[in-house]
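K.L.:
Dropping the sequence and predicted coords here.
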Protein chains: 2
Amino acid sequence: MKDDRILLAHGSGGKLSADLVRELFAPAFRNPALDRMDDSAVVTLPGHGDGVASGLVPDVVPVGTLGSSGMNPDATELPGRLAITTDSHVVKPLFFEGGDIGRLAVCGTVNDLAAVGATPLYLTAGFILEEGLPVETLRQVVASMKAAAEEAGVRIVAGDTKVVERGSADGLYITTSGVGLVPAGVDLSGANLRPGDVVLLSGFIGDHGIAVLSKREGLEFTAPVASDTAPLNGMARAMLEAAPHLRALRDPTRGGLATVLNEFAVQSGVAIQIQESEIPVQPAVQGACEMLGYDPLYMANEGKLVAVAPAEEAEACLAAMRGSRYGAEARIIGQVMEAPAGKVLMKTLIGGTRVVQMLMGEILPRIC
Amino acid sequence: MKDDRILLAHGSGGKLSADLVRELFAPAFRNPALDRMDDSAVVTLPGHGDGVASGLVPDVVPVGTLGSSGMNPDATELPGRLAITTDSHVVKPLFFEGGDIGRLAVCGTVNDLAAVGATPLYLTAGFILEEGLPVETLRQVVASMKAAAEEAGVRIVAGDTKVVERGSADGLYITTSGVGLVPAGVDLSGANLRPGDVVLLSGFIGDHGIAVLSKREGLEFTAPVASDTAPLNGMARAMLEAAPHLRALRDPTRGGLATVLNEFAVQSGVAIQIQESEIPVQPAVQGACEMLGYDPLYMANEGKLVAVAPAEEAEACLAAMRGSRYGAEARIIGQVMEAPAGKVLMKTLIGGTRVVQMLMGEILPRIC
């Protein structure tokens, strides 16, 4: 934190975001669930630990001691693990090809729960509205949230609305939080990778980033690029059924594929090697990136999963992805190696190997 | 929704906020947990209903069916009920006498969980930062959140940070969400009031509103008023132990005491009568309100509880409140009657009776 002011890049999802978390948030809030740095926290409920998330029970008076007034202490002690996550959404513009801030807010949180193998159950939504926002805009966003929640099979059970003066927000911001249930035996984490594992990707990268950028900047392409914003809990469930020893899942949003792979490599202390030839990029996205000077590896996605599976379950996992609604273009893109630990390498189309770093700086503020 | 633009009053916590929820959010997201309109949603987890929150299990594939690959379906089915809530915080200024946005964000969510009788366990925090915010400001806010979380006995297990351009936010906004456990037998709701019940209040009203307003407007009083921002889960637990048939709890934040009592009256279809002589207001707050033309009944609080208890448990409840850290000034302020249903009446100091309406319009934007 050498800079003494918050920069746009602190919200990039890349290097400066990670610095902020490591140097400011993590030391203050330190606890095992947060420290794992996965897409959702996995926690136990009082009364039952299970080895994976044990030690996370807060130092509160056990609820079973609340009193004898007709309460059954046993029924208050729940076994098992919950996944909990939150994401604020500030995408600009609010509506874009293939989605809007409402669909994004629901899918983003559903996908963070799915990424730890949880079944998403309940969502909350906190709205920060700018004075003067057309009510019809809010109505459209809410309708979109409703549709996405129905598709994902989750319920929005609590909400809050604040209004700030004109000029103190930009239309509307939505913070969604989610709670899901982690089935016994499921332990997905970016820290689980082992040499020999296989890296999979569920489809084309960069669609969301280019869709939002096009709309924001008024760029016209012959074939308009639609955001991939989608709930991925169905695909994640199918993958876990097919590959029960799946190591890790993550949705490559801000920071893109390159950043997720770097996070995995650092969390697990391994190297990851990917093949450029296997990374699926739509021609329109490739063209837009070349024109604008972006690398698809760093472009945001909102409907993709990166997975790491043990080699013996990789084909089954791939088949499950391809059989899912949003995984038709899934493929194996690389493998996990022992060294150089913490690094991501890419075999390029022209036969070389280069290091793929995590996102430095910020390329597209307010992409989600 | 006759107005076609969002007004500041849609975030007041009063009449227009209620209209927005009833006419826009509730129809879209309709489900039993949301429809109760209490401070937190109370939900069951798949596999076990308990009569109170039954029917809330989403229509998702039961997690127990995930597969036979070494997973134990039994351990995935958790009995019991969770409380889930969220609140966005946009208070201006960020720091004020007695608190700051960080302490507010933690306590607000802890108190919403406590208000349904839940033991708060886990919090998430979504930050929306304005480009250019001093990192030191964020550090102070985070330190304050850490201290409040420790006092409340909760852990902050997940977070997110977004940064928007200068002029697209006002310093920083924090959305906190919380998960807690509702002990068996506890059923607190604004819909539970019965004629003959007693209404209690945990202390002085209006402190938070006047503290924030003073700082924002640069008002100087001989005795500075400090915000009451505090975690109330300890007091709520003591009250439930003393009064196991407690009907309802709520923290009178935006909209103040008057709005909470009106919410209760409408939710339960009863009348509430309060005695003006019993409503505790600090002289400095009373003086500031008279000078500025505000009514303390509508001023925001962030460390108070309004409770409704059956008459036979009222004294025990009061004693528990007075024995708690933040309840020394607790008192009985009124009672529940059959008619006029949905109305709040106040016996005034001069011997008359007047109707106390819920907050109309907006008096103090960005108070929390």
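P.N.:
Arrived safely. Residues are numbered from 1 along each chain as shown, chains lettered A, B, ... in the order given.
K.L.:
going forward, measure contacts and count neighbours with C-alpha atoms only.
P.N.:
Noted.
K.L.:
Can you list the neighbours in contact with stretch A:334-348?
P.N.:
Stretch A:334-348 is contacted from outside by A:193-200, A:261-262, A:265-277, A:353-357, using C-alpha atoms under 8 Å, 6 or more residues apart in numbering or on different chains.
K.L.:
Quick one: the helices in chain A, in order.
P.N.:
For chain A, the helices defined by DSSP state H occupy A:15-20, A:26-29, A:32-35, A:73-76, A:101-114, A:135-152, A:207-217, A:233-242, A:256-268, A:283-292, A:311-322.
K.L.:
can you list the ones you listed in a markdown table and add mean neighbour count?
P.N.:
Shown next, in a markdown table, are those (neighbours: other C-alpha atoms under 10 Å in any protein chain shown):
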| stretch | mean neighbour count |
| --- | --- |
| helix A:15-20 | 19 |
| helix A:26-29 | 18 |
| helix A:32-35 | 20 |
| helix A:73-76 | 18 |
| helix A:101-114 | 29 |
| helix A:135-152 | 19 |
| helix A:207-217 | 22 |
| helix A:233-242 | 23 |
| helix A:256-268 | 24 |
| helix A:283-292 | 16 |
| helix A:311-322 | 21 |
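K.L.:
Let me know which of those is the nearest to residue A:125.
P.N.:
With distances scored as C-alpha to C-alpha, the stretch of those nearest to residue A:125 is helix A:101-114 (8.4 Å).
K.L.:
and that closest one with helix A:233-242, angle?
P.N.:
Helix A:101-114 runs at 20 degrees relative to helix A:233-242, counting by axes from the mean of the first three to the mean of the last three C-alpha atoms, to 10 degrees.
K.L.:
helices and strands around helix A:101-114, which ones?
P.N.:
On a contact count with 3 or more C-alpha pairs under 8 Å, 6 or more residues apart in numbering or on different chains; DSSP states H and E, helix A:101-114 meets strand A:81-89, strand A:119-130, helix A:135-152, strand A:172-182, helix A:233-242.
K.L.:
strands paired with the first one, and their directions?
P.N.:
Next to strand A:81-89 in the sheet, as set by DSSP bridges, lie strand A:41-44 (antiparallel), strand A:172-182 (antiparallel).
K.L.:
List just the one of the helices of chain A that sits closest to residue A:84.
P.N.:
helix A:101-114 (7.1 Å).
K.L.:
ok now the closest one, how far from the chain's centre?
P.N.:
8 Å (C-alpha atoms, centre = their mean, to the nearest Å).
K.L.:
ok, how many other residues are close to the closest residue to chain B within the stretch 251-368 of chain A?
P.N.:
Per C-alpha to the nearest C-alpha, residue A:366 is where the stretch 251-368 of chain A lies closest to chain B, at 6.7 Å. Residue A:366: 22 surrounding residues under other C-alpha atoms under 10 Å in any protein chain shown.
K.L.:
Show the contacting residues for residue A:169.
P.N.:
For residue A:169, the contact set (C-alpha under 8 Å, 6+ apart) comprises A:128, A:129, A:130, B:167, B:168, B:169, B:170.
K.L.:
And for the last one, nearest residue in space, chain neighbours not counted?
P.N.:
Yep, that's residue B:170 we're talking about. Of all residues not flanking residue B:170 in the chain, residue A:168 sits nearest, at 5.3 Å (C-alpha to C-alpha, 6 or more residues apart in numbering or on different chains).
K.L.:
ok, now how distant is that neighbour from residue A:211?
P.N.:
Applying C-alpha to C-alpha, to the nearest Å, the value for residue A:168 to residue A:211 is 26 Å.
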